[in-house]
Each structure stands twice: as structure tokens, then as C-alpha cells.
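Trainee: The following block contains a protein sequence and its predicted model.
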Amino acid sequence: MANTYKKILSDERNLRYIILANMISRFGDSIDMIAYSWMVYQITGSMTWLTIILGVNMMPTVFLQPFFGGLTEYFNKKRIIVLCDILRGGIVFITCIALFLNAVSPWKLLVLTLLNSSIEALRIPSGIAILPKILKEKNYKEAVSLDQGVRKISELIGTGCAGIVIGYIGIGGALLIDAITFIVSGFILSFLKMHNEKITNNKFQFDEYMQSLKEGIAYFKKNNLARVTCAVCIILNLVMLPIENLQAAYINEHLKLDVFAMSVGGLAITIGMICGPLFLPKVLQKIKEKHLMIYGEILIGFLYFIYISLGELASLEGKYISYFIAAFAFGFINSMIGVAVQIIFISQTPEELIGRISGIFNALACSSMPIGSYLLAIFSTMFTIREIYLLMGFFTIVVFVIMGRTKYINSLKSEN
């Protein structure tokens, strides 16, 4: 596996730029995620404001990304992602300066958060649409897998360093690091060399833009690939919610363990999510992407039953070891499915539609998270942890057994 990645890196100069830029920016993002939340709570002293600001951070992804996806055909994608990274770095830097000057208020944070996440909503579809123009098609699997694996490693390091960074240089210093990483990322991506980029002199016209959006929506409605992969991502997000949102209750009420088990489970899932993408090309030599989506989700359904069975173990050490293994398996399988879906999407969606479809795709996938969290909160008042995990296990298995027997899955092509 190491030799395969080494060969891909030597063959794809653009991939080296992408991985280095993403590694640096994800490190900064991981520090910022903790520092920003802590700053918001310290300044407002309100859980309500914290919830509002973090909620606003998701809004552009859901409401703006479908429209921004259509813009990828009118502008140079490389310039867009470079500019977006620099602009996001600038906004974080402004936040940092305002914090040093004691000029931060909840409303200013709300506006800055909305601006930052709006720029990110433009950057995401452009970042996806540029991949076929900078990578060779034969290298998609290994390139995307390696990129995702390195991102997770960088996130893990950033999260682990966040407390130390904030402790030594404060929240302002942590935000400054994030601003610098964005700007450095944009600088690195400016060295990308585009393949098969058609230079167009077409000026942006609103009527033409709206027509392209309609074409994208029509394609999404009619295309099996777009609908199936989006459905898989939505269910994947929903399936993760009980494990992530109810972790504390599961550990305390079901496993009867202390807070240390939170770290054990979180670390295991993170390591699994790092290893999953890195081992994905090897797995795809044995199984097709579309089958990985189905069988992988069914395995996740059975993992819920395993989670329940861990509460019956008498040994304290046995609970910790078994919980680590189950959480690792959950992260491993979950991340492999996510990357496999991305590979199918990039390799089989028409190049000229990738930006438009990815905007719709991401908006629908992300919108499932707050809706799912709300439903989970309702179910939590009606059922025990054990019952919720049982229901989620059955739901996941039944849904994907049915999906695996449909013509939509069988009609998907496979790259291997």
C-alpha cells in the first residue's frame, strides 16, 4: 500500500500540492473549531448564542451551496479555491484583531461566521469540480483515499494540540494560527497545473446561470447515480448521530463507565477514520464500490447490536478493549463508505456537471444532520439508549438490504 501511494505521489504533482494544502488547513481548522467555540462562549456567556452562531455556520452549506455550485462553470476553479482560502484567512485574521482590541460582540461574531461559512460554501463545489482537471482519472481512488486519510491525521493532531496551543498563546493566538494556515493553503494551491481546462470568454449572464441550475436539478432528479449516492450519504450521516450525540449517555447508562471511556471511544473512531481511507484502495481490489456501500452499511447496523452487547460484559478491561475495537470498526467502515461514495461521484458524474451536482448533493447531505439531531432528541425522551441502538441497527440493516436489491444500485457502474 505504501508503495502504491508513493508511486501516485511521484506521478501526480498536483496531488502533492492538494495534500500539503489540505493538511495545513485542516490542522488550523481543528484548532479553530475548539478555540472559536470557547471564544464564543466566553464572550457571550450564553449557550443560546453558542448554539445560534454554530447553527448559522451550517446555513450557507444548506442554502447557498446549490446556487454556488452552478457558478463553477463561469469562473476559473483554481482562482476560486485560492481566493476563497485567502479570504477565509483574512476573515479569521479580522476576528483575531477584533479580539485583541476587545471589540468583539455576539452580533459581530454572527456576521463574521456567516461570511466565513458563505465563502466555504463557494469553495467546496469548486474544490470538487477541479479534481478531474488536475488529476488523472486512473488515479482517482488512490488520490482521494490518500487525501482523506491525511486530512484525518491532520485533524487528529490539530485537535490534540488545540488545548496546548490555547493554553500557551490564548484564543487569539490560536485564531492567528488558523488564519495563517488558510493563507498558506491558498499560496500552495496557486501552484496547481490545470489539465483539460477549457478557457471560456463567456460572461456571466443571470438567465443562462438559472438555466444551468435547472439543468443540474433535472439531472439530479433523473440520474440514478446522483440520487443513490446522495441517499447513502444522508443515511450515513443519520446512522452516525446516535454514536456521536449519545456517546456520553451510552457510556454512563449502558456501559457503566466513567468519562475516560469518552476519550477511548473518540480516539478509536478517529483512528478508524484515518485507516479507512488509507486502506480503501486495497479493499476495492476485492469488492466493488457499490457493494462496499451496501455491505458496509449493513455491517454498521450489526455494529449497533455489538455496542448493545458490550454492556453485558463483566470485566472492566474487557469493556474498554471491546469498546475500542467496536468504535474503531465503526470509524473504519464509515470513512471507507464516505470516500467510496466520493470516488463514484467524481468518476461517473459528467465533468461539466460536477460543480452543480455537488452543491445540491452537499446541501441535502448536510441538511440531514440538524433534522436527524432534532428527531434523535425526541426519540431520546421516548426510548432508552438500548432501545434507540436496537432501532437504529434494524433500520440500517433493513434499509440497505432493500436498497441493495433495487435496480438503482445494480445500474451503477464500478471502476474495478
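Mentor: Everything's here; your move.
Trainee: any idea which helix is longest in the protein?
Mentor: The residue-count maximum for a helix in the chain (DSSP state H) belongs to helix 140-189.
Trainee: Centre of the chain to it, how far?
Mentor: Distance of helix 140-189 from its chain centroid, counting by C-alpha atoms, centre = their mean, to the nearest Å, is 14 Å.
Trainee: And for stretch 63-72?
Mentor: Distance, stretch centre to chain centre, for stretch 63-72: 18 Å (C-alpha atoms, centre = their mean).
Trainee: Check stretch 230-247 too.
Mentor: With C-alpha atoms, centre = their mean as the basis, stretch 230-247 stands 12 Å off its chain's centre.
Trainee: Tell me the helix or strand right after the longest helix of the chain.
Mentor: helix 206-222 (DSSP states H and E).
Trainee: ok, now which ones touch Val56?
Mentor: Shown in contact with Val56 (C-beta atoms under 8 Å, 6 or more residues apart in numbering): Leu110, Thr113, Leu114, Ser117. (Each C-beta comes from the backbone N, C-alpha and C, glycine too.)
Trainee: rerun that using 6 Å as the cut-off
Mentor: By C-beta atoms under 6 Å, 6 or more residues apart in numbering, the contact set of Val56 is Thr113, Leu114.
Trainee: Could you do Phe220 as well?
Mentor: Applying C-beta under 6 Å, 6+ apart, the residues contacting Phe220 are Ala226, Ile357, Ile360.
Trainee: how near is Ile97 to Ala103?
Mentor: 8 Å (C-beta to C-beta, to the nearest Å).
Trainee: Compare the two and say which is more crowded by neighbours.
Mentor: Ile97 (15 against 9; other C-beta atoms under 10 Å).
Trainee: and the more buried one, what element?
Mentor: For Ile97, the element it lies in under DSSP H and E is helix 77-100.
Trainee: between that helix and helix 140-189, how big is the angle?
Mentor: 60 degrees (axes from the mean of the first three to the mean of the last three C-alpha atoms, to 10 degrees).
Trainee: Following the chain past helix 77-100, name the next helix or strand.
Mentor: helix 106-129.
Trainee: Now do that following helix: which elements does it pack against?
Mentor: helix 47-56, helix 59-63, helix 65-69, helix 77-100, helix 354-380 (3 or more C-beta pairs under 6 Å, 6 or more residues apart in numbering; DSSP states H and E).
Trainee: Can you say which of these is packed in most?
Mentor: helix 65-69 (a mean of 24; mean count of other C-beta atoms under 10 Å).
Trainee: What mean pLDDT does that one get?
Mentor: Across helix 65-69, the average pLDDT comes to 80.
Trainee: Excluding its own residues, what touches it? List them.
Mentor: Ala121, Leu122, Pro125, Gly355, Arg356, Ser358, Gly359, Ile360, Asn362, Ala363.
Trainee: Generate a markdown table for the helices and strands packed on helix 106-129, with distance to Gly186 as supplementary columns.
Mentor: Formatted as a markdown table, the helices and strands packed on helix 106-129 follow (distance: least, C-beta to C-beta, whole Å):
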| stretch | distance to Gly186 |
| --- | --- |
| helix 47-56 | 24 |
| helix 59-63 | 19 |
| helix 65-69 | 18 |
| helix 77-100 | 3 |
| helix 354-380 | 19 |
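Trainee: And those helices: which comes nearest Ile31?
Mentor: Nearest to Ile31, of all these, is helix 77-100, at 10.8 Å by C-beta to C-beta.
Trainee: So what's the residue count around Phe350?
Mentor: Check again: residue 350 is Pro, not Phe. By other C-beta under 10 Å, 11 other residues sit near Pro350.
Trainee: Now for Met293: which residues touch it?
Mentor: With the criterion set at C-beta under 6 Å, 6+ apart, Met293 makes contact with Val232, Ile337.
Trainee: go on, the one 3 residues further on?
Mentor: If a contact means C-beta under 6 Å, 6+ apart, then Gly296 has Ile333, Ile337 as its contacts.
Trainee: so it is in which element?
Mentor: Here Gly296 is assigned to helix 289-309, by DSSP H and E.
Trainee: how much space is there between the residue in the chain sticking out farthest from the centre and Tyr389?
Mentor: Residue farthest from the centre of the chain, counting by C-alpha atoms, centre = their mean, is Ala314 at 36.6 Å. Distance check for Ala314 against Tyr389: by C-beta to C-beta, it reads 20 Å.
Trainee: again, but for Leu156
Mentor: 26 Å.
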